[in-house]
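S.K.: kindly generate the corresponding structure for this input.
(one chain, ligands or ions: 1)
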Amino acid sequence: MMLDQPGPDLPVAAGRVPPAIRLTGLRRHFRGAPAPALDGISLEVAPGEVFGVIGRSGAGKSTLIRCVNLLERPDAGRVEVLGGDLTAEGEAGLRTARRGIGMVFQHFNLLASRTVAGNIAFPLEVAGVPRAEREARVAELLPLVGLAEKRDAWPAQLSGGQKQRVGIARALASAPSILLCDEATSALDPETTTEILGLLADLRSRLRLTVLLITHEMAVVKALCDRVAVLEAGRVIEQGPVFDVFTRPRAATTRRFVAEVIGHDVPPGTLAALPAPGPGEARRLLRVLFAGPHSTRAVVSEASRRFALDLNIVAGRIDAIGARPFGIMALAAYGVPEAVEAAILWMRGLGLTVDELAWEEG
Ligand SMILES: Nc1ncnc2c1ncn2[C@@H]1O[C@H](COP(=O)(O)OP(=O)(O)OP(=O)(O)O)[C@@H](O)[C@H]1O
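M.R.: Numbering: from 1, shown residues only. Just a heads-up that it's a prediction; the model follows:
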């Protein structure tokens with residue numbers, strides 16, 4: 001498999017333009033909690049970028065996203081949105097700033113007593129927008145989220161996916177340039193998740209939105225995000241372009257998230273089915289992630305020649321992020337222990353991620 005196709009440019013490379021969102025040193029320690037929910041978070045989201053924050057339950061994701069529109073006030077640190085310091089704003093300034101920041105919720109948060117149109121118009125009503133203008137905006141938004149036929153339906157008559165479409169339209173009502181998504185697909189089945197992620201991807205490019213989303217699913221990050229930060233115990237432990245994080249995950253937590261999506265676990269029983277190492281020989285089961293200008297076959301055959309190893313490919317697949325392919329394979333390596341070690345170092349030197357899954361000496 002050849003993996004040398006060039007990748008598309010990121011829509012906005014971080015750092016080239018002033019960020020749409022800049023968080024600096026955010027801290028939040030809830031009273032009575034043993035540890036801070038946010039423990040010094042700094043990150044930047046470029047205009048037009050989809051930035052994902054992923055973490056396990058309790059990592060601090062909800063607290064983080066709620067700090068961006070100051071639904072939650074950090075104890076320390078700064079929240080800048082489109083150049084303005086929200087942490088320095090009073091209530092009136094915050095209300096104005098929040099009109100530029102839409103938010104989509106996991107459980108939709110629709111008002112059961114209002115129709116689809118009534119829910120979408122709600123934030124405009126609160127902001128005092130005249131009726132005719134509200135109606136015109138709702139008429140624009142309904143087809144944009146694929147609900148043109150559902151204007152007068154009640155939330156109880158909608159599927160989960162349709163409810164989230166209403167939630168998205170409501171978040172866009174005041175024509176924000178920033179969209180915050182708080183686990184927007186976590187309450188949906190896999191098929192509906194794919195639909196909603198597709199809708200968000202479409203809206204993002206049509207409306208030139210900057211999107212900050214939180215999720216516990218790496219599949220969401222893979223489908224939608226340009227960059228990702230991994231949150232653990234209130235800290236960012238790793239961040240970078242999604243392709244890089246998938247192909248060169250560093251932290252153990254990141255590797256586990258990546259493994260969930262690309263499923264490169266070696267099938268059970270693989271080791272038992274392999275020949276035992278000979279006397280003085282090492283047998284190692286390796287998981288190798290490839291990206292960039294390598295061909296798996298070339299790496300395997302060259303490593304085999306250079307280090308006098310017997311290398312068996314026991315599992316392998318190819319995947320892609322955007323249009324950029326990468327490959328994963330499990331290799332059983334047999335040879336003198338030093339040669340196996342040297343081959344691993346050589347592969348890592350080529351920029352491949354090599355994990356050792358099992359080790360045995362004859
Ligand atoms: N209002 C609160 N009062 C006290 N502790 C809180 C409060 N909100 C969150 N926490 C605690 O802060 C930590 C981070 O919570 P947060 O909800 O931000 O994490 P999360 O990553 O979003 O998790 P989940 O996906 O389960 O919502 C957790 O230990 C949580 O118990």
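S.K.: quick check: residues of this protein near the ligand?
M.R.: Counting by Cβ under 6 Å from any ligand atom, the chain comes close to the ligand at 30, 33, 37, 55, 57-63, 216. All C-beta atoms are positioned from the backbone trio N, CA, C, and that covers glycine.
S.K.: quickly note the distance from the residue sitting nearest the centre point of the chain to the ligand.
M.R.: In the chain, the residue lying closest to the centroid (Cα atoms, centre = their mean) is Val221, at 2.5 Å. Counting by Cβ to the nearest ligand atom, to the nearest Å, the gap from Val221 to the ligand is 15 Å.
S.K.: what does the pLDDT read for Pro279?
M.R.: On pLDDT, Pro279 comes in at 88.
S.K.: distance check, it against the ligand.
M.R.: 51 Å.
S.K.: which SS state does that residue fall under?
M.R.: coil (DSSP: H, G, I helix; E, B strand; the rest coil).
S.K.: what's the burial count for it?
M.R.: Neighbour count of Pro279, defined by other Cβ atoms under 10 Å: 6.
S.K.: quick one: residues contacting Leu274.
M.R.: Leu274 makes contacts with 283, 285, 312, 314, 332, as judged by Cβ atoms under 8 Å, 6 or more residues apart in numbering.
S.K.: and for the last one, nearest residue in space, chain neighbours not counted?
M.R.: Nearest non-adjacent residue to Ala332, counting by Cβ to Cβ, 6 or more residues apart in numbering: Asn312, 4.5 Å away.
S.K.: can I assume the one you found is in contact with Met329?
M.R.: No. Using Cβ atoms under 8 Å as the test, Asn312 is too far from Met329 to be in contact (10.4 Å).
S.K.: out of these two, which sits in the more crowded spot?
M.R.: Met329 (21 against 15).
S.K.: what packs against the helix or strand containing Arg283?
M.R.: Here Arg283 sits within strand 282-291, counting by DSSP states H and E. Using 3 or more Cβ pairs under 8 Å, 6 or more residues apart in numbering; DSSP states H and E, the elements in contact with strand 282-291 are helix 242-247, helix 296-306, strand 324-335, helix 337-349, strand 353-361.
S.K.: quick one, strands of this structure?
M.R.: For the chain, strands defined by DSSP state E occupy the ranges 21-28, 38-45, 50-54, 76-81, 84-85, 101-104, 178-182, 210-215, 227-232, 235-241, 282-291, 310-321, 324-335, 353-361.
S.K.: can you tell which of those strands is closest to Ser159?
M.R.: Proximity to Ser159, assessed across those by Cβ to Cβ, is greatest for strand 101-104 (16.4 Å).
S.K.: now do that closest one: distance to the chain's middle.
M.R.: Centre-to-centre, strand 101-104 and its host chain are 17 Å apart (Cα atoms, centre = their mean, to the nearest Å).
S.K.: give me the mean pLDDT for it.
M.R.: Mean pLDDT, strand 101-104: 96.
S.K.: what do you get for stretch 166-184?
M.R.: Throughout stretch 166-184, pLDDT has a mean value of 97.
S.K.: quick check: buried residues in it?
M.R.: Neighbour counts over stretch 166-184 (16 or more other Cβ atoms under 10 Å) mark 166-174, 176-184 as buried.
S.K.: in helices, which of those appear?
M.R.: 166-172 (DSSP state H).
S.K.: ok, the residues you listed vs the ligand, which is closest?
M.R.: Gly167 (17.5 Å; Cβ to the nearest ligand atom).
S.K.: residues contacting that closest one?
M.R.: Counting by Cβ under 8 Å, 6+ apart, Gly167 touches 104-105, 108-110, 184.
S.K.: which of those has the largest number of neighbours?
M.R.: Most neighbours among these, by other Cβ under 10 Å: Ala184, with 29 neighbours.
S.K.: how much space between the closest residue in space to that one that isn't next to it in sequence and Val145?
M.R.: Ranked by Cβ to Cβ, 6+ apart and with sequence neighbours excluded, the top spatial neighbour of Ala184 is Val104, at 4.5 Å. Distance, Val104 to Val145, using Cβ to Cβ, to the nearest Å: 11 Å.
S.K.: ok, now Glu356?
M.R.: 47 Å.
S.K.: show me which of these two is the more surrounded one.
M.R.: Val145 (24 against 12).
S.K.: now do the contacts for the more buried one.
M.R.: By Cβ under 8 Å, 6+ apart, the residues touching Val145 are 165-166, 168-169, 172, 199, 203.
S.K.: just to revisit the earlier point, which two among the contacts of Gly167 are spaced furthest apart?
M.R.: For the contacts of Gly167, the farthest-apart pair by Cβ to Cβ is Leu110 and Ala184; their separation is 13.6 Å.
S.K.: can you name the residue of the stretch 201-350 of the chain nearest to the ligand?
M.R.: For the stretch 201-350 of the chain, Cβ to the nearest ligand atom, closest residue to the ligand: His216, 5.8 Å.
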